[in-house]
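Student: kindly generate the corresponding structure for this input.
(chains A, B, C and D)
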Protein chains: 2
Amino acid sequence: MRNSTMKSTRKTESQLVQDPVRLVESYPKVPLTVDCAVFGFQENELKVLLIRSDLALYDGLWSLLGDNVQDNEELDDAANRILKERTGMDDVYLDQVRSFSHPARHPGGRVITVAYCSLINIQHHQLKRIDNELHWHNVQSLTQMAFDHFEILTHCHKWLQKRIQEHPLGFNLLPDKFSLRELQNLYEAILNLQMDRRNFRKKFASMGLLIDVNEIENDVPHRPGKLYKFNFDKYEKNKRKWIGIDF
Amino acid sequence: MRNSTMKSTRKTESQLVQDPVRLVESYPKVPLTVDCAVFGFQENELKVLLIRSDLALYDGLWSLLGDNVQDNEELDDAANRILKERTGMDDVYLDQVRSFSHPARHPGGRVITVAYCSLINIQHHQLKRIDNELHWHNVQSLTQMAFDHFEILTHCHKWLQKRIQEHPLGFNLLPDKFSLRELQNLYEAILNLQMDRRNFRKKFASMGLLIDVNEIENDVPHRPGKLYKFNFDKYEKNKRKWIGIDF
DNA sequence: ACTTTATTATGTATTTTTTACACAATAAAA
DNA sequence: TTTTATTGTGTAAAAAATACATAATAAAGT
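Tutor: Numbers count the residues shown, from 1 in each chain, chains lettered A, B, ... in the order given. Below is the predicted model:
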């Protein structure tokens, strides 16, 4: 069967698959879903957007926003579609985290899921109609969820904690204009630690990613802080450089 | 249809799915594969273990080691199985990298793949029988592969470059006993840069992960270096601390 | 108008980490 | 014995991270 000149490992024509379509038809197939951990920031807490499980088995429990991957749909497209269908939002930050494949993770049988992390601005989001089975939950206070979603959420949260120390992703969770205090509160909520205010400001100032918009907060019962916006252009241009920043 | 007390979003019994098995049976299904980028280190070069594509369309091109995910098989198990089947190796370092889902990535139709990164010791590996259609390739000199495997490999290489700066993974690619020069050559090959010898050694010494085995290299035509082995126990115990080391 | 209150804005000294850099000792090969 | 290539080692300088306190400001209350 094998070519007689052992030096060459090149296959003979008869060993090659001529019809890849038939080959793929013979492959085992599995149901595949995408589950999104949609994070938001409100009242100085990191929130995650959840929906009530529609399985009787998980009655009363919450689950991540998910759906099947459709025929010929890319995973990223599926994640974007889910976000759009559930929240009405387009153009949100989304990144693939990892897949979860434990055979018993779904009570209905073998379903593999690809977890995504999404960051959205809650204020902006609430202008759109929100499905009334959706609810924002404090990430820290969740303990139980439907399926293996608590495990997935925990993983996504850790992923975000690491990621936000390497890229300035936090801006996706804030309004267009924000004060340095809001920015710091966000980092503290995500990382679950306290930071020194002067050093935090120094760090961000040195990155040069903040644009002073010459406005100040209102609605605060004390001296208002300056407002800034994020320099997305500069970030996109120098993306590679920001890898490795941390606090 | 909706519960009349709008306050409660809890679903009524009739809205809940009672039979999850039937639900999952209705899901669309896709062929799912695992592809492994198996890295090795030899002659001061980062290598990747590839197999000739068995598709006529890709005749002469190389592909990553991959296979279908079987019914009720976990992704990690599929990756381990592939490694075992192809190389005879058990207990190798394996980590999930990410999924690739472009609808046209496979000429036979829609196939989603989950990429894994594996690190193995080539010397050790060669003691086992190696499938003679497998071949070690210099990662830097590859330009084209079957399917989207070049893209996947590039992604895995970048993943490894980042990962190795946060965890001392390099030891998986080296023999049990190695010299500091070998270790540095490895890092230089993976990261594709030159490092200062004294600072490199200082860094590793300060991590305390090297055990001096009181032996020296042989086979070198000059002053031999001391040999060390990796302190796996200490690493496992203090794993969390090593996150964040970089050169 | 004044006082109180909460918070902003800001700089420096200290410590830690990173970087740059050179020479004597050693083993093998000639 | 000499040559060769490489090992093993330390220190000074630069950069980054950390710790820390006070005056200025706007709003709210009196």
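Student: return the set of buried residues in the lengthiest helix in chain A.
Tutor: Ranked by residue count, the top helix of chain A under DSSP state H comes out as helix A:149-163. For helix A:149-163, the buried set under the neighbour-count rule, 16 or more other C-beta atoms under 10 Å in any protein chain shown, comprises A:149-150, A:152-153, A:155-157, A:159-160, A:163. C-beta: built from backbone N, CA, C; applies to glycine.
Student: find the nearest non-adjacent residue to the residue nearest the centre of chain A, please.
Tutor: In chain A, the residue lying closest to the centroid (C-alpha atoms, centre = their mean) is residue A:117, at 1.2 Å. Leaving aside its chain neighbours, residue A:117 sits nearest to residue A:156 (4.8 Å; criterion: C-beta to C-beta, 6 or more residues apart in numbering or on different chains).
Student: give me the domain ranges for chain A.
Tutor: A:25-163, A:177-247 (automatic domain parsing).
Student: return the most buried member of the ones you listed.
Tutor: Most buried of the domains of chain A by mean neighbour count (mean count of other C-beta atoms under 10 Å in any protein chain shown) is domain A:25-163; its value is a mean of 19.
Student: now that one, how far from the centre of its chain.
Tutor: 9 Å (C-alpha atoms, centre = their mean, to the nearest Å).
Student: just the CA atoms of stretch A:158-170, as CSV, please.
Tutor: Output of stretch A:158-170 as CSV, limited to C-alpha atoms (Å, rounded to 0.1, in the frame of the first residue of the first chain):
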residue,chain,number,x,y,z
LYS,A,158,-10.9,35.6,35.3
TRP,A,159,-10.3,36.1,31.6
LEU,A,160,-11.5,39.6,31.8
GLN,A,161,-9.3,40.3,34.9
LYS,A,162,-6.3,39.2,33.0
ARG,A,163,-7.2,40.9,29.8
ILE,A,164,-8.0,44.2,31.3
GLN,A,165,-4.5,44.4,32.7
GLU,A,166,-3.1,44.1,29.2
HIS,A,167,-5.5,46.1,27.1
PRO,A,168,-7.5,49.1,28.1
LEU,A,169,-10.8,47.4,27.5
GLY,A,170,-12.6,49.1,30.4
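Student: now do it: distance to the chain's middle.
Tutor: Between the centre of stretch A:158-170 and the centre of its chain there are 10 Å (C-alpha atoms, centre = their mean).
Student: with stretch A:180-192 instead?
Tutor: 18 Å.
Student: that one near chain B at all?
Tutor: No - Stretch A:180-192 is not in contact with chain B by C-beta under 8 Å from any C-beta of the partner chain; minimum separation 13.2 Å.
Student: setting the sequence-adjacent residues aside, check what's closest to residue A:192.
Tutor: Excluding the flanking residues, the one nearest residue A:192 by C-beta to C-beta, 6+ apart is residue A:140, at 7.3 Å.
Student: quick check: next helix or strand after the longest helix of chain A?
Tutor: helix A:180-191 (DSSP states H and E).
Student: next structured bit after that next one?
Tutor: By DSSP H and E, the next helix or strand past helix A:180-191 is helix A:197-207.
Student: by contact count, what packs against that following helix?
Tutor: helix A:180-191 (3 or more C-beta pairs under 8 Å, 6 or more residues apart in numbering or on different chains; DSSP states H and E).
Student: can I get the helix it packs on in PDB, CA atoms only?
Tutor: The C-alpha trace of helix A:180-191 is given here as PDB (Å, rounded to 0.1, in the frame of the first residue of the first chain):
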ATOM      1  CA  LEU A 180     -11.000  59.200  36.500                       C
ATOM      2  CA  ARG A 181     -12.800  58.100  39.600                       C
ATOM      3  CA  GLU A 182     -15.300  56.200  37.600                       C
ATOM      4  CA  LEU A 183     -12.500  54.600  35.600                       C
ATOM      5  CA  GLN A 184     -10.700  53.600  38.800                       C
ATOM      6  CA  ASN A 185     -13.900  52.300  40.400                       C
ATOM      7  CA  LEU A 186     -14.400  50.100  37.300                       C
ATOM      8  CA  TYR A 187     -10.900  48.600  37.600                       C
ATOM      9  CA  GLU A 188     -11.400  48.000  41.300                       C
ATOM     10  CA  ALA A 189     -14.700  46.300  40.700                       C
ATOM     11  CA  ILE A 190     -13.300  44.000  38.000                       C
ATOM     12  CA  LEU A 191     -10.100  43.100  39.800                       C
END
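Student: alright, I will stop here.
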